[in-house]
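Engineer: Structure for the following, please:
(one chain, ligands or ions: 1)
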Amino acid sequence: MEKKLAKLSKFMSLVLRHQPETIGLKLDAEGWADVTDILARMNQHGTQCDLLLLEQVVTTNDKQRFAFNADRTKIRANQGHSVAIDLALPPQAPPEILLHGTVAKFLDSILAQGLLPGSRQHVHLSTDEAVARSVGARRGLAVILRVRAGDMHRAGHEFSCSENGVWLTAHVPVKYLEEQ
Ligand code: HQG
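Structural biologist: Below you'll find the model as predicted:
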């Protein structure tokens, strides 16, 4: 069952963050998909899923990647999008220090350009070292960068925090970065 849910979660990440067109799905301006519609399209495209399974993916997901709206008629990814949507999260003052996990081969470029969102809409930052380490470790031996988020915020950079606790910002200039 765990494997089945992990596979479904991967597929939902694909269609709710990156390529909704794979199953002809439409996301609204804030990234929401209609629950009935996504279920019908997943099944049409050979990914068997029903409401119960969808609910299980949302509640058991290791990173709480997805959320339902209040009346559970819509679902979206909490963060990580490459498609242009606006999560409409309120701007928030971040903790003084946030962490970013990456790998050594990106350091020269990061220390020249700062942290860039790449194909995603935001740079992803964490309060938790274990989380930052696991994000970096997806690509090799993790290197942790400290971001002086409080200083950035006082200088006018906007931050928001996703429903699953990932801190988001547009770009981290080099002067706010330190190697841990
Ligand atoms: C790096 C996963 C060169 C950056 C994770 C990262 C996270 C630069 C990569 C979420 C750079 C982008 C996001 C620069 C940044 N030059 N490289 N100037 N600036 N980079 O995947 O933060 O499991 O888009 O360090 O757990 O790794 O999918 O971002 O290595 O929460 O839910 O460019 O994705 O979540 O990679 O990961 P990504 P990320 P999920």
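Engineer: Can you check the pLDDT for the nearest residue to residue 96 once chain neighbours are set aside?
Structural biologist: Beyond its immediate neighbours in the sequence, the residue positioned closest to residue 96 (CB to CB, 6 or more residues apart in numbering) is residue 150, lying 3.8 Å away. (Glycine included, C-beta is placed from N, CA and C.) Reported pLDDT at residue 150 in the predicted model: 98.
Engineer: how many other residues sit next to residue 150?
Structural biologist: Using other CB atoms under 10 Å, residue 150 has 16 neighbouring residues.
Engineer: give me every residue that touches it.
Structural biologist: Residue 150 makes contact with 93-97 under the criterion CB atoms under 8 Å, 6 or more residues apart in numbering.
Engineer: Tell me the one among these nearest to the ligand.
Structural biologist: Closest approach between the contacts of residue 150 and the ligand, by CB to the nearest ligand atom: residue 94, at 15.6 Å.
Engineer: Is it correct that that closest one is in contact with residue 157?
Structural biologist: No: contact between residue 94 and residue 157 fails when scored by CB atoms under 8 Å: they sit 9.0 Å apart.
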